[in-house]
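Visitor: Test case, fold it:
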Amino acid sequence: MKKTVALFLTIAALLSSLLTLAQEGSFDWSKAVELHPGIRHAKMTVETPRLMQINVARIDLDTPGLRLRATGRDPDWGKPMPDFPEQNINTRRQKTRDFIRQARKPVNDGGFGLNMVFAVNSTPWVPWQKPFTHKYAAKQGLIVSEGELVSDPNGRPSLIIRKDGTADMIATTAETDLTGIVTAVSGFTFVLQDGNVIQGNKSLAPRTGYGLTADKRVLLIVVIDGRQPQYSQGATTGEVGEWLRHLGAQIGINMDGGGSTTMAVWKPAGADGEKEAVVQLNRHKNGAERTVGCNLGVYYLPTTP
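Guide: Below you'll find the predicted structure:
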């Protein structure tokens, strides 16, 4: 009898979890922490359908002064890669936390002088061959940074931000009109369209997903850790779509994942003497943060008196 009751409770918990995910936009963002103006974050642990550690972020694109920036061209952009000459250089691989650090550095110190406070990995890249230590990245799908084309579109779905501030998610090809696009990054596949989840890769892995609300004024991000049996076992791409819908998205993309999956935030110095730091919000297997082909960061324009 006890086994029957336990089984019933397990099934009930599973059904409850699935029902919650099926409820579009039912996540309560009011309980999330505001990391910086317009950026809210929450972390949760779920045990059904398996153990997962999940970090989610909500970025209000209407926040005054808030802007997005993708990884830009490497100084050797367009030249053959020294260790993979059949590919031409687009970007230099960089850890997500280092992307924030470089953006915050003064221009005269090799940085961009930006008040960047948050970043997440984005676009997949080639080459990806042993020993996986290539310095550069190529053939990534559409990337645009500060209005400059970094990587050509290749048919993959892209998050795009136009000069007028409007956002969209579309499949971008050689025929796509890139006029007015100031920021763009690309993923692997759509996992959510018109509120409908698209089931795809069923393997369990760390995942990064981007989504937009119906009015396309809020960017939603989900990062799911994986390949850590006692901590977080990973997710399918369909589950990325389910989580994005649960967060409030109507459309969503499965971005680069696996060991690339990273979400990071800049924390200012504390009144108690704690130093400012760039902190990783999720956890990698073996604690190793990967250099990735493209990151997407959030920064603020300087305020005017």
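
Visitor: Near the residue lying closest to Asp76 once chain neighbours are set aside, how many other residues are there?
Guide: Closest residue to Asp76 apart from its sequence neighbours, by C-beta to C-beta, 6 or more residues apart in numbering: Ile89 at 5.1 Å. Where C-beta positions appear, they are placed from N, C-alpha and C, glycine not excepted. Applying other C-beta atoms under 10 Å, we find 20 other residues in the vicinity of Ile89.

Visitor: now swap in Val107 and tell me
Guide: Residues lying near Val107 (other C-beta under 10 Å) number 9.

Visitor: For it, give me its contacts.
Guide: Gly113 (C-beta atoms under 8 Å, 6 or more residues apart in numbering).

Visitor: where are the low-confidence patches of the stretch 1-150 of the chain?
Guide: When residues are selected by pLDDT under 70, those of the stretch 1-150 of the chain lie in 1-23.

Visitor: follow-up on the earlier one: quick one, what contacts the residue nearest to Asp76?
Guide: Contacts here follow C-beta under 8 Å, 6+ apart; on that basis Ile89 touches Asp74, Asp76, Trp77, Gly78, Lys79, Pro80, Met81, Tyr136, Ala137, Ala138.

Visitor: Likewise for Leu244?
Guide: By C-beta under 8 Å, 6+ apart, the contact list for Leu244 reads Val191, Leu192, Gly209, Tyr210, Gly211, Leu220, Val222, Gly252.

Visitor: Out of those, the closest to Val292 would be?
Guide: Using C-beta to C-beta, the shortest approach to Val292 within the contacts of Leu244 belongs to Tyr210, at 14.5 Å.

Visitor: Tell me what that closest one is bridged to.
Guide: When bridges are taken as DSSP bridges, the partners of Tyr210 come out as Ile221, Ile253.

Visitor: how near is it to Leu66?
Guide: In this view, Tyr210 and Leu66 are 16 Å apart by C-beta to C-beta, to the nearest Å.

Visitor: Compare the two (neighbour count), which wins?
Guide: Tyr210 (29 against 20).

Visitor: unless I'm mixing things up, the more buried one is touching Gly187, no?
Guide: Yes - with contacts defined as C-beta atoms under 8 Å, Tyr210 counts as touching Gly187 at a distance of 6.9 Å.

Visitor: Which neighbours do the two have in common?
Guide: Common neighbours of Tyr210 and Gly187 (criterion: C-beta under 8 Å, 6+ apart): Ser122, Leu159, Ile253, Met255.

Visitor: Wait, the third one touches Gly209, no?
Guide: This points to Ile253. Yes - applying C-beta under 8 Å as the test, Ile253 and Gly209 come out as touching, 6.7 Å apart.

Visitor: what touches both of these two?
Guide: Common neighbours of Ile253 and Gly209 (C-beta under 8 Å, 6+ apart) are Val191.

Visitor: First-to-last residue distance for stretch 281-299?
Guide: 18 Å (C-alpha to C-alpha, to the nearest Å).

Visitor: so where do the strands sit in the stretch 151-300 of the chain?
Guide: Per DSSP state E, counting those that start in this stretch, the stretch 151-300 of the chain has strands spanning 157-162, 167-171, 181-186, 189-193, 196-197, 207-212, 218-224, 251-254, 263-267, 277-280, 295-300. These are given in chain order.

Visitor: Let me have those strands in TSV, adding distance to Gln53 and mean pLDDT as columns.
Guide: Formatted as TSV, the entries for the strands of the stretch 151-300 of the chain read as follows, by distance: least, C-beta to C-beta, whole Å; pLDDT from 0 to 100:
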stretch	distance to Gln53	mean pLDDT
strand 157-162	24	99
strand 167-171	26	99
strand 181-186	24	99
strand 189-193	19	99
strand 196-197	21	98
strand 207-212	12	99
strand 218-224	7	99
strand 251-254	18	99
strand 263-267	11	98
strand 277-280	12	98
strand 295-300	21	99
